[in-house]
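**Q** From the sequence below, what's the structure:
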Amino acid sequence: MIQLAVTLAALAGLWLLFRAVRRALRGAARPSAPLDDLEKARAQTRALALRGAIFAVTEARSLPGYRLEELGVVRCEHRSGNAAELTLKIRAAETYPEANVLTRLSGREYQQRYRAGTGPRGKPYYKTRTRTEWTAVACHAAPPGGDGPRAAWDGRRAVVDGSNVAFWERNSDAPGLEPVRAVVDFLRAEGVEPLVVFDASIGHRTIGRHLRKADMRRALGRVRCEIVPAGTVADRRIIALASEMSAVIVTNDLFRDHPDSRPIPKRRGFCLGGVVELTEPRA
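**A** Numbering: from 1, shown residues only. Prediction:
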């Protein structure tokens, strides 16, 4: 009987081990997110990082309150001026890493002759269409006193825009704490110390009830965090903390209404099926 019990226990152990190995192999063979979706998310995040580097576009030659250094001309073709601006921002930031402003934006219409088909006798026939070429001058804009000490920003510290990151999960239209926890874990794995800042409504928007700071710390793995008081704009607190700590900001917000955020490096990113990726810091 004893020998039979030992044999049964050994077989049970082998069965449990087999199931554990099978689960591990199945999990390793199945990616946590489809590769096509990952590539799309990477492309969108990269475009956002480049577009966010350009904080102003103007038809003028100058920008009030800034000293401009011209870097080069960028061009594109678009029917829409708004679409052209987006494309020119990306091309300028991609071509000139120091670019943060576009000046002398202009569009020029011209007639383009193109082959429209082949006639009944095999001869090609042509038509004309109106095209618009847009150009702008990529510049580096700095206050009259200069940019200040860029090396002061410490990439080992990050202020996380928690209410923005809560919307990063690509498979959901609702905010959640899961992407925030995933970003916190990602930063910690890089050796970065995160501080997460939320607006006052984060609890009601994610779990349907008020969350205290202690609740949020436990939910996110005992990370440093703040929940700003009701009526307070979280963006302002995020910018102030990043300036005080010389930290980067993790967000996909462009902070267009906050000029004081412009010198602060930002990290853009996404969360897809638990996979988190962040760009390198860029102002």
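**Q** Which secondary structure elements does whichever helix or strand A141 is part of sit against?
**A** Per DSSP states H and E: A141 is located in strand 124-142. On a contact count with 3 or more C-beta pairs under 8 Å, 6 or more residues apart in numbering; DSSP states H and E, strand 124-142 meets strand 67-77, helix 81-95, strand 101-118. C-beta here means a position set from N, CA and C on the backbone, and glycine is covered the same way.
**Q** I'd like these written out as a markdown table, with mean neighbour count, distance to E133 and mean pLDDT added.
**A** Below are those laid out as a markdown table (neighbours: other C-beta atoms under 10 Å; distance: least, C-beta to C-beta, whole Å; pLDDT from 0 to 100):
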| stretch | mean neighbour count | distance to E133 | mean pLDDT |
| --- | --- | --- | --- |
| strand 67-77 | 15 | 5 | 97 |
| helix 81-95 | 18 | 9 | 96 |
| strand 101-118 | 13 | 5 | 92 |
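**Q** Please name whichever of those is nearest to G52.
**A** Smallest distance to G52 across the helices and strands packed on strand 124-142 (C-beta to C-beta): 8.3 Å, for helix 81-95.
**Q** End to end on stretch 259-269, go ahead and measure it.
**A** One end of stretch 259-269 to the other measures 22 Å (C-alpha to C-alpha, to the nearest Å).
**Q** and if you look at stretch 193-211?
**A** 23 Å.
**Q** what does stretch 244-264 give?
**A** Distance between the two ends of stretch 244-264: 11 Å, counting by C-alpha to C-alpha.
**Q** Can you point out the buried residues in it?
**A** 246-255, 261-264 (16 or more other C-beta atoms under 10 Å).
**Q** Just the closest of those residues to L88, please.
**A** Checking the buried residues of stretch 244-264 against L88 by C-beta to C-beta gives L254 as the nearest, at 15.9 Å.
**Q** one step back: state the next helix or strand along the chain beyond the strand holding A141.
**A** Scanning forward in sequence from strand 124-142 by DSSP H and E, the next helix or strand is strand 154-161.
**Q** Secondary structure added to the buried residues of stretch 244-264, as JSON lines?
**A** Putting the buried residues of stretch 244-264 into JSON lines (DSSP: H, G, I helix; E, B strand; the rest coil) gives the following:
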{"residue": "S246", "secondary structure": "coil"}
{"residue": "A247", "secondary structure": "strand"}
{"residue": "V248", "secondary structure": "strand"}
{"residue": "I249", "secondary structure": "strand"}
{"residue": "V250", "secondary structure": "strand"}
{"residue": "T251", "secondary structure": "coil"}
{"residue": "N252", "secondary structure": "coil"}
{"residue": "D253", "secondary structure": "coil"}
{"residue": "L254", "secondary structure": "coil"}
{"residue": "F255", "secondary structure": "coil"}
{"residue": "S261", "secondary structure": "helix"}
{"residue": "R262", "secondary structure": "coil"}
{"residue": "P263", "secondary structure": "coil"}
{"residue": "I264", "secondary structure": "coil"}
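**Q** Of all the residues in the strand holding A141, which ones are buried?
**A** Buried residues in strand 124-142, counted by 16+ other C-beta under 10 Å: W134, T135, A136, V137, A138, C139, H140, A141, A142.
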